[in-house]
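Participant: how does the following fold in three dimensions:
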Amino acid sequence: MNVMENLRMAFQSIMANRMRSGLTILGIVIGVMAVITMLAIGGGTQASVTRQIESIGTNLLIILPGRITTGAIRGGLGSAITLTYADAEALKSLPSLNGVAPVVQSAVQVVYLDSNTQTNLVGTTPDYVQVRNHKVASGSFFTDSHVKARSLVVVLGADVAKTLFGDQDPVGQVVKINRVSFRVIGVLEKKGGAGMFTQDDLVVIPITTAFTYFPRRADWRGQPSVTAIYAQAKDRNSLSQAMEEARNLLRDRHDLPPSAEDDFSIVTQEDMLSMANAITNIFTIFLGSIGAISLIVGGIGIMNIMLVSVTERTREIGIRMAVGAKRRDILLQFLTEATVLSLLGGAIGIVLGWLASWGIGRINIGGSNIQTLVTPWSVLLAVIFSAAVGLFFGIYPANKAASLNPIEALRYE
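Facilitator: Sure, this is the predicted structure:
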């Protein structure tokens, strides 16, 4: 018996029991839809995180206080005071770096008239715009003269400007940051993002002004500490050289002996991307596994219905064997029927999964849409998996049908 004949008989059997066939493939439909949707959510999350990390700057080195070790953080990363403003100034002398921007950060309340918002304060230098790949949408960024004069000027992130001023131009207005009055001189262009990854919920002031009005702990030399130092290498090929030069300079400035560990950590964008991808890959696999469980449940439904079909068609099987059908022909007939049921459910599930992913992508949470991404490989995976489910769960019923004794099958009522 050829393939086309097997397909014809499979469709004929399915159409003869439309309701039962429809309920059978429903489990596969739900399983494939779940796989497509879950992988789309995972893929969208990964793409969003990758896009946000790439948008923070190019050829970027992030120097953090404290020492990162496997499974732990030594030196109190984030709260440590091992990096200072003077360290950042010294890094500017390195030939492999294009720009250096030290930052101090804290949570603050910003008020304009009867509007207020909680946001992130960033105290930094003019190099911040270049190093962090920001653009000014209106007004201007502060200059070295503002840093030297400890000026009370502020540049607003796009989200903060929208919250406080709506469609009004904030430039020239006065806002209060923790009850200190600042004149708005610019607004940053929106970079986008979602949740904890947004780069638009901030206000930026000169770092010297931050030291004066939002003081931080000083190191043992009495120099003000910084939260982090962002440094931009001249190009991607010089990242390793820049990292080594920065490490040697900081070790020398911190009087660390050769046997001592660094009291700071240097992270590149590639490191951040690798860590983020590892986390989101686990997240995607977890979500896909949830969908796969639904698909397996659907496969069990196919096996159950195929066993019922074998019982109902025992006499038909006996007649086919009596007129010359081989065991292989019976086996292929029922395997084909199980696979067709599974693939039909898979095709419907792919369409519904794409529609579900599209719908989820329209959901807005916290001002940002949930990111989804349906990729060709996820669709291919769903098709292969649904066909494999049909074959796997169809083997036992097909083998049972092929193993029937022709004489006993003909006597079956």
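Participant: elements contacting the top strand by length along the chain?
Facilitator: Identified as the longest strand of the chain according to DSSP state E is strand 97-112. Applying 3 or more C-beta pairs under 8 Å, 6 or more residues apart in numbering; DSSP states H and E, we find strand 97-112 packed against helix 85-91, strand 115-124, helix 128-131, helix 158-165, strand 174-177, helix 207-213, strand 228-233, helix 239-253. C-betas here are computed from N, CA, C, even on glycine.
Participant: can you list the strands that it pairs with?
Facilitator: Using DSSP bridges, the strands paired with strand 97-112 in its sheet are strand 115-124 (antiparallel), strand 174-177 (antiparallel), strand 228-233 (antiparallel).
Participant: neighbouring contacts of the first one?
Facilitator: Applying C-beta atoms under 8 Å, 6 or more residues apart in numbering, the set of residues contacting strand 115-124 from outside is 101-110, 128, 157, 159-160, 163-165, 177, 201-211, 214.
Participant: just the buried members of those residues?
Facilitator: Among the contacts of strand 115-124, those buried by neighbour count (16 or more other C-beta atoms under 10 Å) are 101-105, 108, 110, 128, 157, 159-160, 163-165, 177, 201-211, 214.
Participant: gap between stretch 260-279 and the chain center?
Facilitator: Going by C-alpha atoms, centre = their mean, to the nearest Å, the spacing between the C-alpha centre of stretch 260-279 and its chain's C-alpha centre is 18 Å.
Participant: now the helix or strand hosting residue 394, how far from the chain's geometric center?
Facilitator: For residue 394, the host element (DSSP states H and E) is helix 376-402. In this view, helix 376-402 has its centroid 30 Å away from the chain centroid, taken as C-alpha atoms, centre = their mean.
Participant: now do it: which elements does it pack against?
Facilitator: Counting contacts by 3+ C-beta pairs under 8 Å, 6+ apart, helix 376-402 packs against helix 18-55, helix 269-312, helix 327-360.
Participant: just put those in a markdown table and tack on mean neighbour count, mean pLDDT and distance to residue 403.
Facilitator: Shown next, in a markdown table, are the helices and strands packed on helix 376-402 (neighbours: other C-beta atoms under 10 Å; pLDDT from 0 to 100; distance: least, C-beta to C-beta, whole Å):
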| stretch | mean neighbour count | mean pLDDT | distance to residue 403 |
| --- | --- | --- | --- |
| helix 18-55 | 21 | 78 | 23 |
| helix 269-312 | 17 | 76 | 10 |
| helix 327-360 | 21 | 83 | 7 |
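Participant: looking at the ones you listed, which is nearest to residue 65?
Facilitator: helix 269-312 (16.8 Å; C-beta to C-beta).
Participant: okay, angle between that closest one and helix 239-253 too, please.
Facilitator: 130 degrees (axes from the mean of the first three to the mean of the last three C-alpha atoms, to 10 degrees).
Participant: buried sites along the very next helix or strand once past helix 269-312?
Facilitator: Counting by DSSP H and E, the next helix or strand C-terminal to helix 269-312 is helix 314-322. With burial defined by 16+ other C-beta under 10 Å, the residues of helix 314-322 counted as buried are 314, 317-318, 320-321.
Participant: got those residues as a markdown table, with distance to residue 289 and pLDDT columns?
Facilitator: Below are these laid out as a markdown table (distance: C-beta to C-beta, whole Å; pLDDT from 0 to 100):
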| residue | distance to residue 289 | pLDDT |
| --- | --- | --- |
| 314 | 38 | 72 |
| 317 | 38 | 71 |
| 318 | 43 | 74 |
| 320 | 41 | 71 |
| 321 | 42 | 72 |
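Participant: and the residues you listed as TSV, adding distance to residue 243?
Facilitator: Shown next, in TSV, are the buried residues of helix 314-322 (distance: C-beta to C-beta, whole Å):
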residue	distance to residue 243
314	74
317	72
318	77
320	73
321	74
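Participant: just those now: which is nearest residue 358?
Facilitator: Using C-beta to C-beta, residue 317 comes nearest to residue 358 of the buried residues of helix 314-322, at 44.9 Å.
Participant: which ones are touching residue 9?
Facilitator: So residue 9 contacts 333, 336-337 (C-beta under 8 Å, 6+ apart).
Participant: got the buried residues for the helix or strand containing residue 146?
Facilitator: Take DSSP H and E as the rule and residue 146 turns out to sit in helix 144-149. Neighbour counts over helix 144-149 (16+ other C-beta under 10 Å) mark 146-147 as buried.
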